[in-house]
Structures are given as structure tokens and as C-alpha cells.
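# Would you be able to build a 3D model of this:
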Amino acid sequence: MAGPVALVGSGEFLPSMAALDGDLLVATGRARPRVAVVPTASYPDGEAVFQRWAAMGVEHFGGLGAEVEAVMVRDRAAAEDPAFAQAVGEADLVYFSGGKPGYLLDVLAGSALWAAALAAHERGAVLAGCSAGAMVLTAHITELRRRMLPWPLRWRLALGVVERATVFPHYDRIPEAMAVIMAFQAPRGTFVLGIDEGTALVGRDGSWQVHGRARATVWNGRRRERHRPGDVFRLDEVEREVPPDR
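Below is the predicted model:
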């Protein structure tokens with residue numbers, strides 16, 4: 001059975017996320033789980049930033065009792081490295097931290113490392129992503145166009161672990177009027193998951209639960225639902241309640 005998926009709005013490796021990450025480690029069923037931290041999305045911001053996120057991930061999950069390895073994949077060539085793919089494939093929890101979603105997607109899509117992550121997930125490993133890392137796990141990501149007209153955002157196919165969905169991380173920092181416009185522009189049939197900072201959605205077998213300090217907002221077309229910590233919902237049930245588009 002495939003393992004859980006955790007989509008985090010922001011806050012990876014901070015003390016405020018310890019409870020959530022501890023629960024993810026418990027969900028692996030291992031006494032001392034193996035965690036692979038993949039800081040690839042931060043590499044465009046420089047080597048120092050990349051190294052810092054890797055070190056934070058190792059310290060954070062090590063403090064929670066896990067066996068942790070930072071998988072230092074900087075580019076597409078490294079994503080084809082058998083040693084890196086093996087490290088991810090043997091993990092019980094694979095964590096993709098934040099940064100640039102388009103860069104992360106370019107590095108992962110079709111790579112040996114991503115194939116290993118999928119294989120691990122299919123045998124029960126947790127797939128977790130924060131911000132950019134969460135975005136690429138869904139069906140689509142948004143990117144800014146170089147030319148802002150006629151619309152500044154474009155939609156791009158992502159890795160599709162969470163089907164028919166897209167994530168807006170840091171959702172509570174997006175002005176509501178802008179969030180509405182962005183959600184209405186989503187590809188037809190796509191759920192928009194707006195995840196506040198310090199908040200996560202954890203899903204398995206179609207059921208999702210909100211964790212953390214704030215809310216998750218689910219858009220389906222023009223219908224909006226708010227969910228608070230502890231709430232459980234299913235996207236297929238949301239869909240059944242929505243009238244046909246006019």
C-alpha cells in the first residue's frame with residue numbers, strides 16, 4: 001500500500017513542525033525510520049542556502065530519533081546518480097524542502113531519483129514536500145511568465161502524486177482577491193489546495209487531514225471550503241457536492 005503524502009505550506013525543519021514530523025515518522029511503522037532530505041529546490045539560491053537547508057533537515061529529523069541523510073542533488077545530472085537514487089529508494093520518509101518549484105520539477109521529472117522515490121512510496125514510504133516541494137507533488141504547478149500579459153501565471157504539469165490538484169503554499173500571505181483570481185484560473189477539474197504557513201495536509205487513500213497552526217482552503221471551481229487543524233475531508237466528496245459549471 002502506498003504511504004501517506006504530506007503537503008506543507010511552509011516551516012520545514014522548524015520546531016513548530018516537530019509534532020507533525022514526529023507523526024509522519026510514526027506512520028512509517030519503523031522503530032528508527034530512515035529519512036532522506038532532498039534540498040534541491042533551494043540550490044538556485046546558492047550553495048550556502050542549499051547547505052543550510054540540508055543541515056537543518058538532518059538536525060531536525062535526527063532530533064526526532066530518525067536516521068537521516070541529506071541527499072545533495074544539485075542538478076539533473078546528480079538526480080541520475082545511482083548512489084543518490086539508492087539513498088532515496090531505501091528511505092522510509094522522503095522530504096523535498098522549499099525553494100524554486102520549476103527548478104525542482106526540471107531536476108526530478110523522469111529521473112532515476114524520482115523513480116526511486118515513487119518505488120519507495122509504493123511500498124509504504126512517506127512522501128513529504130514543503131512549499132516548492134509540496135507543489136511538485138501535485139498535478140500542476142504555477143509559474144510566472146516572462147511576459148506578464150495577457151496573464152502572469154502559466155500552469156505546468158507536475159509529478160502527479162496527488163492527482164487533479166495544485167498547491168498554493170504560504171496561502172495566508174496571498175491577498176484574498178488575488179487568491180480568488182488565481183484559483184479561478186486553475187485548469188478545469190483541478191482542486192486548488194491553499195495551505196497556510198505552519199500548516200500541512202496529510203493524505204492517504206483519498207482522505208486528508210489538516211495539521212499545524214492555521215487553515216487549509218480548498219477551491220473547486222468557484223466553490224471554496226475552509227478546514228481547520230484536525231478537520232478531515234475527501235476531495236471526491238467535495239466534488240460530488242459541486243453543481244455543474246454554467
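# hmm, who's touching the longest helix anywhere in the chain?
For the chain, the helix that runs over the most residues, judged by DSSP state H, is helix 47-63. Residues outside helix 47-63 that contact it (Cβ atoms under 8 Å, 6 or more residues apart in numbering): 12-14, 17-18, 21, 25, 35, 37, 39, 42-43, 68-70, 72, 74, 93, 95, 97-99. All C-beta atoms are positioned from the backbone trio N, CA, C, and that covers glycine.
# Mind checking which of the residues you listed land in helices?
18, 21, 25.
# Which secondary structure state is assigned to the closest residue to residue 19 other than its chain neighbours?
Counting by Cβ to Cβ, 6 or more residues apart in numbering, residue 19 lies nearest to residue 211, which is 7.7 Å off, once chain neighbours are set aside. Three-state assignment for residue 211 (DSSP: H, G, I helix; E, B strand; the rest coil): strand.
# ok, back up a step: quick one: which of the ones in helices among the contacts of helix 47-63 is most hemmed in?
residue 21 (26 neighbours; other Cβ atoms under 10 Å).
# ok, now how distant is that one from residue 189?
Residue 21 sits at a distance of 32 Å from residue 189 (criterion: Cβ to Cβ, to the nearest Å).
# thinking again about what came up before, and the contacts of helix 47-63, which are buried?
Buried by 16 or more other Cβ atoms under 10 Å: 12-13, 17, 21, 25, 35, 37, 39, 42-43, 68-70, 72, 93, 95, 97-99, out of those.
# now the helices for this protein?
Secondary structure of the chain by DSSP H: the helices cover 18-27, 47-63, 76-79, 82-89, 101-108, 112-122, 132-135, 176-184, 235-240.
# Of all the ones you listed, which one is nearest residue 5?
Of all the helices of the chain, helix 112-122 sits nearest to residue 5, with 7.9 Å by Cβ to Cβ.
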